[in-house]
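Trainee: Structure for this input, please:
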Amino acid sequence: MGLISLPTMLNNKYDKSLASGIVCSSGTLGQIIPPSIVLIIIADQLASAADVANTMRQTS
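Mentor: Now for the predicted structure:
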């Protein structure tokens, strides 16, 4: 991603230190936070939606 995003940010007149900092920090976060975290968040949201739907069914 750094090979794609860094030249694009520099072409769009981003400050060099800001652009390189973003690439470095996103690379670090990508190693710390696994991609499966998205699935955990989606599962939580779906569970909440199911609870709301069940509550609405019981009150109707």
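Trainee: Report all helices and strands that the helix or strand hosting Ser17 contacts.
Mentor: Here Ser17, judged by DSSP states H and E, is contained in helix 16-32. Secondary-structure packing of helix 16-32 (3 or more CB pairs under 8 Å, 6 or more residues apart in numbering; DSSP states H and E): helix 2-11. Glycine gets a C-beta too; all of them are placed from N, C-alpha and C.
Trainee: CA-only coordinates of the helix it packs on, as PDB, when you get a sec.
Mentor: Provided in PDB are the C-alpha atoms of helix 2-11 (Å, rounded to 0.1, in the frame of the first residue of the first chain):
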ATOM      1  CA  GLY A   2       2.900   2.300   0.700                       C
ATOM      2  CA  LEU A   3       4.100   2.000  -2.900                       C
ATOM      3  CA  ILE A   4       0.700   3.100  -4.100                       C
ATOM      4  CA  SER A   5      -0.400   5.700  -1.500                       C
ATOM      5  CA  LEU A   6       2.900   7.600  -0.900                       C
ATOM      6  CA  PRO A   7       3.400   8.700  -4.500                       C
ATOM      7  CA  THR A   8      -0.300   9.600  -4.800                       C
ATOM      8  CA  MET A   9      -0.200  11.800  -1.700                       C
ATOM      9  CA  LEU A  10       3.000  13.500  -2.800                       C
ATOM     10  CA  ASN A  11       1.500  14.200  -6.200                       C
END
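Trainee: Compute the inter-axis angle for that helix and helix 16-32.
Mentor: With axes from the mean of the first three to the mean of the last three CA atoms, to 10 degrees applied, the angle from helix 2-11 to helix 16-32 works out at 150 degrees.
Trainee: where in the chain is pLDDT low?
Mentor: 1, 35, 60 (pLDDT under 70).
Trainee: So which residue is dead centre in it?
Mentor: Val38 (7.3 Å; CA atoms, centre = their mean).
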